[in-house]
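In: just need the structure, nothing else, for what follows:
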Amino acid sequence: MHTFTLNIFNRKKMNDLLKIYRDSNQLDFEKIWKEGTFVFDANVLLDLYRLPESAKNDLLGVLQNDNFKDRIWIGFQVFLEYLSNRLSVIGDQKNMFAKVKTATLSTIEKINTINAEYKSEIDNHKLSQRHALINPEHFLNDSSFKKSTKIFRKFVKHLEKLEKQQADVNDSDKLRDLITTIFENKIGSTLTKEELEDIYKEGVKRYANKIPPGYMDNKKDGSYYFKENEYIRKYGDLTFWKEIIKHAKKQKLKYLVLVTGDVKEDWWEEKRGRKISARKELLNEIYTECPDLEVFYLYNTSSFLQFAKKEIDNNIKDSSIDETFKLISNYYNERAIKIGDISPNKKEYLKQLYSLNQSISTNHLKLQDVNSQLSKLNLYRDNLYEKSNPLDDIRELAHNLAYTEEEYTEEINEIQNRLNLDMEIQKRLIEKLKLEE
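Out: Take a look at the predicted model:
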């Protein structure tokens, strides 16, 4: 009896360990999307101000979808960070018009200077008097010089029209009102002063040992305040994480997905330059604290929209997925450039590597999707065989499904070949980066 109990205990420990180290193709994404709770961070909400109108509307459409809207949630920390930072984002968007306009006017001025210098040099040659054939006046005259800057002047006028449509910090923020409505009664409660103080004490030890999440924000200064509570900015991610665990535990959630615009290493497990899952420390912590939780998973905004198109709303445009990817790519590249004083070569390699990693990630998602479809087809075909006799028409249908299986297998092989090629290029880029160390 003692041995039997011990075996059960050991098996449970082994299963708990395997749960942390599962591959994504071992997860039931159909259940995750049908039953799971989706949590969003402040980056996702603030990106709604940065995304093009079409992509923004697609993301808002998912959040308001009847089959999805009751399974979304944000922490109080997220809402506080969003409200505290939205005016800065709005201001940045407004200020960008002046920056782009200045750059464009400067380019017009440079073109005019080059044109004037060129005209002066050609005039000095006195071609009309000294050469029988060369006559540049037919091609290069005042009219053609003005045309060379025409498209830039048109763009400046277009910018001026767009700037009038762009909201400013003093304007009514309709997007804030909509976000508030979408997440009404879906925001975590404020933590107590004692809970926050305990988190900050724990944070000192965690950050010293680089235990995720949040240690990458250790140099952040300042605090947010609400009532008697101080929300220290550098512990924002850790506070949000503790809120997620508290919510999952209280609600006894089975499937929990965090959608984040954060690209830092203290959230993502990264191998060979590719973000593959949540950090193992995070999985261990949340599965230990929340025994009912079967799956905790991370999406970036682009991957979230890519799967939402399949699971929630097929009308989501591919351009919206691309735009969110570009936004995340910009964050990644900006962080890469900020990390120390790195050489131009290294910056370029990092940019190439990130683009390549996204291609690898996309192909992995495709591979996962096709493998899932093939598994379902195999199961359906096996069931047909079991429920039919050798001479039944159904048996023939089951046999014909083998051709579809072959098509799926061919597609899997094609994707795998692309992956192998990308990973070989990735390997060479990583070697080049090492030489730059």
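In: gap between residue 224 and residue 236?
Out: 8 Å (C-beta to C-beta, to the nearest Å). Quick note: C-beta positions are derived from backbone N, CA and C, even for glycine.
In: actually residue 87, not the one I wrote
Out: Using C-beta to C-beta, one gets 18 Å for the distance from residue 87 to residue 236.
In: that older thread, shared neighbours, residue 224 and residue 236?
Out: Residues touching both residue 224 and residue 236 by C-beta atoms under 8 Å, 6 or more residues apart in numbering: residue 81.
In: which parts of the stretch 151-300 of the chain are helices?
Out: 174-182, 193-208, 236-251, 280-289 (DSSP state H, counting those that start in this stretch).
In: break the protein down into its structural domains.
Out: Domain ranges of the chain: 93-176, 346-435, per automatic domain parsing.
In: that older thread, so which of the helices of the stretch 151-300 of the chain is the most packed in?
Out: Mean neighbour count (mean count of other C-beta atoms under 10 Å) peaks for helix 236-251 among these, with a mean of 21.
In: by contact count, what packs against that helix?
Out: Packed against helix 236-251 by the contact rule (3 or more C-beta pairs under 8 Å, 6 or more residues apart in numbering; DSSP states H and E) you find strand 37-40, helix 76-124, helix 193-208, strand 255-260, helix 280-289.
In: so, low pLDDT: which residues of the stretch 251-400 of the chain?
Out: Filtered on pLDDT under 70, the stretch 251-400 of the chain yields the residue ranges 272-274, 313-315, 317, 319-343, 354, 358, 361, 364, 385, 387-400.
In: contact partners for residue 352?
Out: By C-beta under 8 Å, 6+ apart, the residues touching residue 352 are residue 429.
In: ok, now the one 10 residues further on?
Out: For residue 362, the set of contacting residues under the criterion of C-beta under 8 Å, 6+ apart consists of residue 306.
In: could you say which helix or strand holds it?
Out: Assessed by DSSP states H and E, residue 362 sits inside helix 344-386.
In: distance from that helix to the middle of the chain?
Out: Taking C-alpha atoms, centre = their mean, to the nearest Å, one finds helix 344-386 lying 16 Å from the centre of the chain it belongs to.
In: cool, stretch 207-216 as well?
Out: 21 Å.
In: how far does it stretch from one end to the other?
Out: Using C-alpha to C-alpha, to the nearest Å, the end-to-end distance of stretch 207-216 comes to 8 Å.
In: do the same with stretch 254-268
Out: Chord length of stretch 254-268, first to last residue, is 21 Å (C-alpha to C-alpha).
In: tell me which residues of that stretch come out buried.
Out: Neighbour-count burial for stretch 254-268, counted by 16 or more other C-beta atoms under 10 Å, picks out 254-268.
In: and for stretch 411-429?
Out: 411, 412, 415, 418, 419, 422, 426, 429.
In: likewise for stretch 97-117?
Out: Buried-residue list, stretch 97-117, by 16+ other C-beta under 10 Å: 104, 108, 115.
In: residue 429 touches residue 356, doesn't it?
Out: Yes - using C-beta atoms under 8 Å, residue 429 makes contact with residue 356 at a distance of 6.8 Å.
In: got the CA coordinates for stretch 165-178 in CSV?
Out: Only the C-alpha atoms of stretch 165-178 are listed here, as CSV (Å, rounded to 0.1, in the frame of the first residue of the first chain):
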residue,chain,number,x,y,z
GLN,A,165,-8.0,64.8,-37.5
GLN,A,166,-5.4,63.6,-34.9
ALA,A,167,-6.6,63.8,-31.3
ASP,A,168,-4.6,66.0,-29.0
VAL,A,169,-4.1,65.7,-25.2
ASN,A,170,-6.8,68.2,-24.5
ASP,A,171,-9.4,66.6,-26.7
SER,A,172,-12.2,64.2,-25.7
ASP,A,173,-10.7,60.7,-25.7
LYS,A,174,-13.4,58.5,-27.3
LEU,A,175,-11.0,55.5,-27.4
ARG,A,176,-10.6,55.7,-23.6
ASP,A,177,-14.4,55.7,-23.2
LEU,A,178,-14.7,52.7,-25.4
